[in-house]
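Engineer: mind looking at a prediction? Sequence and model below.
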Amino acid sequence: MTITGKRLQDAARSTARKLPGVSNGRPFTEKLDVYKVAGKVFLIVTDDPDEQIITVKAEPDRARSLQQEHDCVAPGRYLDKRHWISVGPGQDITTGMVKDLVGYSYDLVLESVPRKRRPREAGQ
């Protein structure tokens, strides 16, 4: 089942808000809803009706694999294109996949945060 842009973005936002220690705001522009943990970005939701995408962190091998498997997964917008992917609505993109990508991005970002700065609920 194909996910719409709004459902894709709603699933990403909902997942991010449930994770420990998450903050969000619009530090760059009104069209970019940015989610952070311990001050580090792990999700960007592009609020543009013509481009309803999310951008998440991914390991380079996984990012390449996802881009090869899905037409609507591309190198990340706005950030290092090796370590970030942008995902748009499309065939084979499910709510479950979006939730997994957001959670995985959060975990990758937390790995680079010193333990003393990590949210308590995040395995401390």
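Structural biologist: Received, thanks.

Engineer: the helices in this structure, which residues?
Structural biologist: Ranges of helices in the chain, per DSSP state H, are 5-18, 60-69, 95-111.

Engineer: can you list these in JSON lines and add distance to residue 83, mean pLDDT and mean neighbour count?
Structural biologist: For every residue, glycine as well, the C-beta is placed using N, CA and C. Compiled in JSON lines, these are given as follows (distance: least, C-beta to C-beta, whole Å; pLDDT from 0 to 100; neighbours: other C-beta atoms under 10 Å):
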{"stretch": "helix 5-18", "distance to residue 83": "18", "mean pLDDT": "96", "mean neighbour count": "18"}
{"stretch": "helix 60-69", "distance to residue 83": "6", "mean pLDDT": "95", "mean neighbour count": "14"}
{"stretch": "helix 95-111", "distance to residue 83": "8", "mean pLDDT": "96", "mean neighbour count": "18"}
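
Engineer: dump those helices to CSV, plus distance to residue 89.
Structural biologist: Converted to CSV, the helices of the chain look like this (distance: least, C-beta to C-beta, whole Å):
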stretch, distance to residue 89
helix 5-18, 4
helix 60-69, 15
helix 95-111, 10
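
Engineer: what distance separates stretch 101-116 from the centre of its chain?
Structural biologist: Chain-centre distance of stretch 101-116: 11 Å, with C-alpha atoms, centre = their mean, to the nearest Å.

Engineer: give me the residues contacting that stretch.
Structural biologist: Outside stretch 101-116, the residues that touch it by C-beta atoms under 8 Å, 6 or more residues apart in numbering are 11-12, 15-16, 19, 22, 37-38, 40-43, 54, 56-59, 85, 87, 118, 122, 124.

Engineer: buried among these? Make that a ChimeraX selection.
Structural biologist: A single ChimeraX command selects the buried members of the contacts of stretch 101-116 (16 or more other C-beta atoms under 10 Å):
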select :11,12,15,16,19,22,37,38,41,42,43,54,56,57,58,85,87,118,122
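
Engineer: in strands, which of the contacts of stretch 101-116 fall?
Structural biologist: 22, 37, 40-43, 54, 56-57, 85, 87 (DSSP state E).
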